[in-house]
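Peer 1: got a predicted structure plus its sequence, pasted below:
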Protein chains: 2
Amino acid sequence: MAGHLYGIGVGPGDPELMTLKAQRLLRACPIVAHFAAPSRRGNAWTIVEGVLEPGQAVLRLEYPVTTEAVEATEYERLLDAFYDASAAAVERELLAGRDVAVVCEGDPFFYGSYMYLHERLARRYPTTVVPGVTSFSAAAAAAGTPLVSREETLTVIPGVLGQPELEAVLRGVDAAVVMKVGQHLVDIRAAAAGAGIEGAVYVERASCLDQRVLPLADTDGLQAPYFSVVLVPGRALAQRRPRPQ
Amino acid sequence: MAGHLYGIGVGPGDPELMTLKAQRLLRACPIVAHFAAPSRRGNAWTIVEGVLEPGQAVLRLEYPVTTEAVEATEYERLLDAFYDASAAAVERELLAGRDVAVVCEGDPFFYGSYMYLHERLARRYPTTVVPGVTSFSAAAAAAGTPLVSREETLTVIPGVLGQPELEAVLRGVDAAVVMKVGQHLVDIRAAAAGAGIEGAVYVERASCLDQRVLPLADTDGLQAPYFSVVLVPGRALAQRRPRPQ
């Protein structure tokens, strides 16, 4: 009998922000697979390694290259081949009857790499996806800032879009989150300023021991890691008059 | 010494989708507060009641009216007074030195009622917010549908906006979630059809034992509960050619 594929969201960084279900299923799988960039430990791995039981085997799925190193079309081709090879590696375990937990920082279906395995394997193997806490929820909690309420719309934008497109999107939002900030911080800050956004907050490594929370306007010269976000909290609450004490 | 205020996201419905941190802090607080509609048990309460320890006291914060019963401005006034009274009830416990866990379905700062207590109390009492898994992450997991990837934007829209505005928003999205569907299902379906959206999925009570997943187009005559969502999955993955097996 084939093994069961689990796509497990392990949350934003603090291992205690894993769900009970994630922890239970993770510990029950003989194989734990995770993605990692070359010469990095991998964010999902860092979250789960302290939770695993002796005897669980680790399948490290290492990306072939960083985005900057090659042309866009060549990068796409390399990534496609990498996801094919990763799916094949996971499939070998499933065919041998072993359950595989693919761990994913945040939530698997919210910008998670797990989905590239899911699209290749889920139709052919029993599959369960366990949702996780996203980095933006952790960032709002870290900042102590309500993000979106009532009849407001929340727009979640990848930082990679570039300044003009980011600015155009930010002009129309009630509340927003810019994900995967990294090297795009300067663009994002310019876009927010251009869109007349006030009160935006930069949050780095939300929920981790070294988390940082700063007003976006105070991020001059800062080297943002990939896993940082910018929050544009909704205005509905901000516009309410302060309550009499 | 004053008590500590905790705003605790307890996830989308399945008690096992609570985080380890939520469970630990929840059990450590002598007072557990939750919101509930009149003559309802309360969604957050339903999630946590099996987790509490003997001796924990419950503070039920019951909404005064349903949205439909009164005019909009009168409803606003009643709600404001209700949140004032709720904050006062929580504050009495804090002043008596007791820690209070305010439990919230999903994530506290993502359309959560906790934020109305937070804005009234967090500046004056030590406060911690614990992020939770949102209903849309649970819905995507239930549907087995990747929601958003790569350079796509995700737009989260409350169902209450009405058909014309919903349709206008949906025309421009890469991927979307419509929250708090309830009585607005027919409007949402019309808006999605008008915007030329295909492949939208309706998910009810995601992660609960009685969860339901249907194509939005197949929801004729369905009575949707308030806690249901419509997913419009991103196109990036859908457009990829099927992989050779």
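Peer 2: Arrived safely. Numbering: from 1, shown residues only, chains lettered A, B, ... in the order given.

Peer 1: have a look at chain A and report its longest helix.
Peer 2: Longest helix of chain A, by residue count under DSSP state H: helix A:72-95.

Peer 1: and the lowest mean pLDDT element among the helices and strands of chain A?
Peer 2: Of all regular secondary-structure elements in chain A, judged by mean pLDDT, DSSP states H and E, the least confident is helix A:235-239 with a mean of 58.

Peer 1: most centrally placed residue in chain A?
Peer 2: When C-alpha atoms, centre = their mean is applied to chain A, the residue found nearest the centroid is A:Gly106 (4.7 Å).

Peer 1: skipping its backbone neighbours, what lies nearest that one in space?
Peer 2: Closest residue to A:Gly106 in three dimensions, ignoring its sequence neighbours and counting by C-beta to C-beta, 6 or more residues apart in numbering or on different chains: A:Thr134, at 4.9 Å. Quick note: C-beta positions are derived from backbone N, CA and C, even for glycine.

Peer 1: distance of that neighbour relative to B:Phe136?
Peer 2: Taking C-beta to C-beta, to the nearest Å as the criterion, A:Thr134 is separated from B:Phe136 by 10 Å.

Peer 1: report whether the longest helix of chain A contacts chain B.
Peer 2: Yes - interface with chain B: helix A:72-95 contributes A:84, A:87 (C-beta under 8 Å from any C-beta of the partner chain).

Peer 1: after that helix, next one along is what?
Peer 2: Using DSSP states H and E, the helix or strand that follows helix A:72-95 towards the C-terminus is strand A:100-104.

Peer 1: quick check: which helices or strands does the next helix or strand after that next one pack against?
Peer 2: Sequence-wise, the next helix or strand downstream of strand A:100-104 (DSSP H and E) is helix A:114-121. Under the contact criterion of 3 or more C-beta pairs under 8 Å, 6 or more residues apart in numbering or on different chains; DSSP states H and E, the helices and strands touching helix A:114-121 comprise strand A:5-9, helix A:72-95, strand A:100-104, strand A:127-130.

Peer 1: tell me the mean pLDDT over the first one?
Peer 2: Meaning strand A:5-9. Mean per-residue pLDDT for strand A:5-9: 98.

Peer 1: contacting residues around A:Ala101?
Peer 2: Listed by C-beta atoms under 8 Å, 6 or more residues apart in numbering or on different chains, the contact partners of A:Ala101 are A:6, A:8, A:25-26, A:29, A:31-33.

Peer 1: can you check A:His34 too?
Peer 2: Contacts here follow C-beta under 8 Å, 6+ apart; on that basis A:His34 touches A:42, A:44-45, A:48, A:58-61, A:102-104.

Peer 1: if you rank those residues by neighbours, which is first?
Peer 2: Among the contacts of A:His34, A:Val103 has the most neighbours (other C-beta atoms under 10 Å in any protein chain shown), with 32 neighbours.

Peer 1: for the residue lying closest to it once chain neighbours are set aside, what are its contacts?
Peer 2: Beyond its immediate neighbours in the sequence, the residue positioned closest to A:Val103 (C-beta to C-beta, 6+ apart) is A:Ala44, lying 4.2 Å away. The neighbourhood of A:Ala44, defined by C-beta under 8 Å, 6+ apart, consists of A:10, A:34-35, A:103-105.

Peer 1: where does A:Ala44 fall, secondary structure wise?
Peer 2: When secondary structure is defined using DSSP H and E, the element that contains A:Ala44 is helix A:43-48.

Peer 1: point out the other helices and strands that the next helix-or-strand element following that helix packs with.
Peer 2: Next along the chain after helix A:43-48, taking DSSP H and E as the criterion, comes strand A:57-62. Counting by 3+ C-beta pairs under 8 Å, 6+ apart, the packing neighbours recorded for strand A:57-62 are strand A:31-36, helix A:72-95.

Peer 1: okay, these in a markdown table with mean pLDDT next?
Peer 2: Output for the helices and strands packed on strand A:57-62, formatted as a markdown table (pLDDT from 0 to 100):
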| stretch | mean pLDDT |
| --- | --- |
| strand A:31-36 | 97 |
| helix A:72-95 | 93 |
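
Peer 1: out of the ones you listed, the one nearest B:Tyr116 is which?
Peer 2: B:Tyr116 lies closest to strand A:31-36 among the helices and strands packed on strand A:57-62, at 39.1 Å (C-beta to C-beta).

Peer 1: neighbouring strands for that closest one, and are they parallel or not?
Peer 2: Using DSSP bridges, the strands paired with strand A:31-36 are strand A:57-62 (parallel), strand A:100-104 (parallel).

Peer 1: export the ones you listed to a markdown table and tack on distance to B:Glu152 and mean pLDDT?
Peer 2: What follows is the strands paired with strand A:31-36, written out as a markdown table (distance: least, C-beta to C-beta, whole Å; pLDDT from 0 to 100):
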| stretch | distance to B:Glu152 | mean pLDDT |
| --- | --- | --- |
| strand A:57-62 | 22 | 98 |
| strand A:100-104 | 17 | 98 |
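
Peer 1: A:Leu121 is nearest to which of those strands?
Peer 2: Comparing the strands paired with strand A:31-36 against A:Leu121 with C-beta to C-beta, the closest turns out to be strand A:100-104 (9.2 Å).
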